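Colleague: Fold the stuff below for me.
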Amino acid sequence: MVVKPAQFSAPHFAQGIVICRELYAATEKDAMSDNIPNTLSARQAEHDPNFMLSLARGLEVLNAFTPQRQRLTISQLSQKTQISRAAVRRCLYTLAALGMVHSPDGRHYELLPRVLAVGHAYLAGTPLAKVAQTALDILGKALGESCSAATLDGDNVLYIARAAVNNLLSVDIGRGSRLPAWATSMGRVLLSALPEEQLEVTLSRAVLIRYTPHTLCDMAGLRAEIDRVRMQGYALADRQIEVGLCSLAVPVLSRHGQVVAALNVGVPAATVSAAALKEKALAPLRRAAMDLSLQL
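Modeller: Next up is the predicted model:
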């Protein structure tokens, strides 16, 4: 049985679920005061009477939707989540009743706008996102270029703030959007700050796709580039994920000196070279990152 809520025009809501992941991660710290653990292994969860398996399964189903896979069948969801078809069907039934998914053709399921509301309070209210947006608005106006802030979300960068002056990407990028970390300037900055063992695991999962003729798809070359970023303190990504985009990124540090986010500036690669971008934007970008760090 398919529950069909009111119809919506739903062009691109799959990326909204990543906000839920950030919300979940943020609430883990608050939960510590109630003796709730940060994470549980599968074996621990299986024997923990406080672990709500049905909720976990519902979140897994939501997490299966991505900007690249916005319409999924029960079979596809079952395969992707490793949850039985019957359990996936029950999850979808509940999510549809709550207005979070619908099935326009009775077979494929899509996310609905209500999913975005689940994590909106986090991205709108977290101090990092708030101060980052203010910093980007000032920086974008000064440079006359689009600027973004992102954190690391698994193997991807999660955009937490953006001041858009131009749109150089083939997909709409905004708060809550994700891109593969290895192929972006902000991602390489964030990856360069990971402990070696964690970096090794993260890169082992990366699928190096040749997005443009200039994309660095060689793992050895990528590792060397990340090492270079770590040494120089910034990353230049010239036509790596879009043939028309050149971007420069720097890290944002916490008061304890840990990398918590990255800021970047993107320019048209056809008119601004990587060297010119560095000359124009590196100093202002570093000042913005330092100002942002002082507010955290």
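Colleague: Distance check, residue 260 against residue 139.
Modeller: As judged by Cβ to Cβ, to the nearest Å, residue 260 and residue 139 stand 18 Å apart. The C-beta positions use only the backbone N, C-alpha and C, and glycine is treated the same way.
Colleague: The two: who's more crowded?
Modeller: Using other Cβ atoms under 10 Å as the criterion, residue 260 and residue 139 rank with residue 139 on top: 23 against 18.
Colleague: where does the more buried one land in three-state SS?
Modeller: helix (DSSP: H, G, I helix; E, B strand; the rest coil).
Colleague: Ok, residue 270 next?
Modeller: Reduced to three states with three-state DSSP, the structure at residue 270 is coil.
Colleague: so how many other residues sit close to it?
Modeller: There are 12 residues near residue 270, going by other Cβ under 10 Å.
Colleague: hang on, isn't it packed against residue 244?
Modeller: Yes. The criterion here is Cβ atoms under 8 Å, and residue 270 meets it with residue 244 at 6.3 Å.
Colleague: residues contacting residue 72?
Modeller: 64-65, 80, 108-109 (Cβ atoms under 8 Å, 6 or more residues apart in numbering).
Colleague: Show me the contact partners of the helix or strand harbouring residue 75.
Modeller: Assessed by DSSP states H and E, residue 75 sits inside helix 74-81. With contact meaning Cβ under 8 Å, 6+ apart, helix 74-81 is reached by 57, 60-61, 63-64, 69, 72, 83-85, 88-89, 92, 109.
Colleague: Next secondary structure element downstream of the helix or strand in which residue 161 is found?
Modeller: Using DSSP H and E, residue 161 sits within strand 156-163. Using DSSP H and E, the helix or strand that follows strand 156-163 towards the C-terminus is strand 178-180.
Colleague: If you rank every helix and strand of the protein by mean pLDDT, what lands last?
Modeller: Every helix and strand in the chain was compared by mean pLDDT, DSSP states H and E; the lowest is helix 17-31, with a mean of 42.
Colleague: Tabulate the CA atom coordinates of stretch 201-214 in CSV.
Modeller: Backbone C-alpha positions of stretch 201-214 (Å, rounded to 0.1, in the frame of the first residue of the first chain) are rendered in CSV as follows:
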residue,chain,number,x,y,z
VAL,A,201,40.5,4.5,5.0
THR,A,202,38.6,7.4,3.5
LEU,A,203,40.7,7.4,0.3
SER,A,204,40.3,3.6,0.0
ARG,A,205,36.5,4.2,-0.4
ALA,A,206,36.9,6.9,-3.0
VAL,A,207,35.8,6.2,-6.6
LEU,A,208,38.1,8.4,-8.7
ILE,A,209,35.8,9.6,-11.5
ARG,A,210,37.2,11.6,-14.4
TYR,A,211,34.8,14.6,-14.1
THR,A,212,36.8,16.6,-16.6
PRO,A,213,39.9,16.0,-18.8
HIS,A,214,41.9,17.7,-16.0
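Colleague: Tell me the buried residues in that stretch?
Modeller: Of the residues in stretch 201-214, 202-203, 206, 208, 211-212 count as buried by neighbour count, 16 or more other Cβ atoms under 10 Å.
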